[in-house]
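[1] A structural model of the following input is requested.
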Amino acid sequence: MAAITAKMVSDLRAKTGVGMMECKKALNEANGDFDEAVKILREKGLSVAAKKAGRIASEGVVDIMSDNGVTVMIEVNAETDFVAKNETFKEFVRGIEKVILANKPATLEELNALAYDDNFTVEAKVKDMIFTIGENMNIRRFEVIEGITSAYIHGAGTTGVVVKFNADAAVAAKPEFAAFAKNIALQIAAGSPPSYVCRDEVPASALEEEKAVLLAQIKNDEKNANKPEAILEKMIMGKLGKFYERVCLVDQAYVKDDKLSVGKYIADTAKELGGDISVAAFYLYERGEGLEKKEENFGDEIASMLK
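    This is a model prediction of the structure:
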């Protein structure tokens, strides 16, 4: 059997990012053949990925990258928030974003089939990273937005916002527009995030559901028990303003000046910059939103460690 030196183990670790002991085992199994050891580790990575696939991955990071008029926002999940601070993991996420920017896939299936680099598809790279870092992880979702945008990431990747604007190129090129656009992104990330840009986007089903809730609230008040339906309908319409202020971006109070609505802030900025400005769409990702969270029992964990 070939002698396995510390340098061989160190070189394999640098190449793969895998722990020293696993690298030494792979080199022994490959009888010192470096390329064969890399192959062995990758094959083991597929096995490890399969074993970890059922583990809860609701942490990780939301990240945003822009290039040449195209913006990508992505959520990549892992098991713990420590991974989000890992430079290897962060570089992996940036690599996926570059693949998306270059290819503009429409679905996760299309993305997974694309080449990550000369050695891996995106799907295979995910499995390789599971083995390297030792946690289950997955690409949960992504958006590709073309046009004039502004982006904001909060809390080192806990929340990401991309806002797309309709605006003249000359207006969008002004530094004042960049500051304004950033404020709109901050508006969406702050407080209660909106669901729609404006009232025209609210689906009829959502509006009817809100009206039914308001009607039930009004009828629960004994003073309204005998009022005619026409009066109750007017009362409902009067209360819908609060609903729109909650769910529609342009109806919300502007976070930096609550005397202004966001719609008024947009109109005032458009007038100052000498052109038309409107919000075409916005995209909001909150890391782990809707996913099952891993519950830690630190007492049990410490007890198991002491054993």
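[2] Pop the domain breakdown of this structure in here.
    For the chain, automatic domain parsing gives the domain ranges 6-52, 55-146.
[3] nearest to K234, of those?
    Comparing the domains of the chain against K234 with CB to CB, the closest turns out to be domain 55-146 (40.7 Å). All C-beta atoms are positioned from the backbone trio N, CA, C, and that covers glycine.
[4] Do a quick rundown of the strands in the stretch 1-150 of the chain.
    Secondary structure of the stretch 1-150 of the chain (DSSP state E, counting those that start in this stretch): strands at 61-67, 70-78, 137-146, 148-154.
[5] Mind putting these into TSV with mean pLDDT and mean neighbour count?
    Below are the strands of the stretch 1-150 of the chain laid out as TSV (pLDDT from 0 to 100; neighbours: other CB atoms under 10 Å):
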stretch	mean pLDDT	mean neighbour count
strand 61-67	96	20
strand 70-78	95	23
strand 137-146	95	17
strand 148-154	95	20
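[6] okay if I get those as a markdown table plus distance to E43?
    Listed next are these as a markdown table, based on distance: least, CB to CB, whole Å:
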| stretch | distance to E43 |
| --- | --- |
| strand 61-67 | 28 |
| strand 70-78 | 22 |
| strand 137-146 | 19 |
| strand 148-154 | 36 |
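[7] C23: which of these is closest?
    Closest of the strands of the stretch 1-150 of the chain to C23 is strand 137-146, at 21.1 Å (criterion: CB to CB).
[8] shaky segments in the stretch 151-300 of the chain?
    Scanning the stretch 151-300 of the chain for pLDDT under 70 picks out 225, 292-300.
[9] can you give me the strands for it?
    In the stretch 151-300 of the chain, the strands defined using DSSP E, counting those that start in this stretch lie at 159-167, 253-254, 257-261, 277-286.
[10] Pick the most buried one from those.
    Of all those, strand 159-167 has the most neighbours on average by mean count of other CB atoms under 10 Å, namely a mean of 22.
[11] before we move on, the earlier item: and the domains of the chain, which one averages the lowest pLDDT?
    Lowest mean pLDDT within the domains of the chain: domain 6-52, a mean of 80.
[12] Check the offset of that one from the chain's centre.
    Distance of domain 6-52 from its chain centroid, counting by CA atoms, centre = their mean, to the nearest Å, is 32 Å.
[13] Likewise for stretch 72-86?
    Distance, stretch centre to chain centre, for stretch 72-86: 9 Å (CA atoms, centre = their mean).
[14] May I have the distance across it, first residue to last?
    21 Å (CA to CA, to the nearest Å).
[15] again, but for stretch 65-75
    Across its full length, stretch 65-75 reaches 12 Å between end residues, using CA to CA.
[16] and the residue lying closest to I40 once chain neighbours are set aside, how many neighbours?
    Nearest non-adjacent residue to I40, counting by CB to CB, 6 or more residues apart in numbering: A26, 4.5 Å away. The tally of other residues near A26 (other CB atoms under 10 Å) stands at 25.
[17] residues in contact with A26?
    L12, V18, A37, V38, I40, L41, K44 (CB atoms under 8 Å, 6 or more residues apart in numbering).
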